[in-house]
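Predicted model and sequence below, questions to follow.
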Amino acid sequence: MLNFQAVVLREKLKGYDDEIERRRALAFQYLELLGDSVKKKQGNTIYSQFCILHPERDAIKKALTNKGYHSQIYYPVPIHALPNVTDSVMIYRKKVLL
């Protein structure tokens, strides 16, 4: 790491705890508003994303976009369902390490 990068990173880290607390506060507001319709995460997360699982995800995304809110579908096809991953998992399960 260059000295300049280290200086920039050190400055960014000064506000990191505040950023995490802001994310958590927003996540708790979302959880309160969404109620029992979402599963709450276990543990002490920093909520780099606030993800929900819903059968009408495309309709929800469209409604959010129409109201001017940004949302994103990170994995349109779950990673474990991708053909190359499925093949790799099957090969991995057949391997024996000695």
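Everything's here; your move. Numbers count the residues shown, from 1 in each chain.

can you pull out the helices in the protein?
Listed in chain order, the helices found in the chain under DSSP state H are 3-14, 16-34, 57-66, 83-94.

Residues contacting the shortest one, please?
Okay, so that is helix 57-66. When contacts are defined by C-beta atoms under 8 Å, 6 or more residues apart in numbering, helix 57-66 is touched by residues 52, 54, 70-71, 73. Every C-beta, even on glycine, is put in place using the N, C-alpha and C of the backbone.

related to what we said a few turns ago, relative to residue 47, which of the helices of the chain is closest?
Closest of the helices of the chain to residue 47 is helix 16-34, at 4.3 Å (criterion: C-beta to C-beta).

If you average the pLDDT over the closest one, what comes out?
The average of the pLDDT scores along helix 16-34 is 91.

quick one: contacts of that helix?
Counting contacts by C-beta under 8 Å, 6+ apart, the residues outside helix 16-34 that touch it are 38, 40, 45-48, 50, 52.

Which residue lies closest in space to the residue positioned nearest the centre of the chain, excluding its sequence neighbours?
When the chain is reduced to its mean C-alpha position, the closest residue under C-alpha atoms, centre = their mean turns out to be residue 49, at 3.6 Å. The spatially closest residue to residue 49, leaving aside those adjacent along the chain, is residue 74, at 7.1 Å (C-beta to C-beta, 6 or more residues apart in numbering).

surely that neighbour meets residue 48?
No - applying C-beta atoms under 8 Å, one finds residue 74 not in contact with residue 48, separated by 11.0 Å.

Now that you've got the contacts of helix 16-34, can you turn the buried subset into something I can paste into PyMOL?
To isolate the buried ones among the contacts of helix 16-34 in PyMOL, judged by 16 or more other C-beta atoms under 10 Å, type:
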select buried, resi 47
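
Make CSV from the contacts of helix 16-34 and add distance to residue 29 to it.
Written out in CSV, the entries for the contacts of helix 16-34 read as follows (distance: C-beta to C-beta, whole Å):
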residue, distance to residue 29
38, 13
40, 13
45, 15
46, 16
47, 11
48, 17
50, 10
52, 14
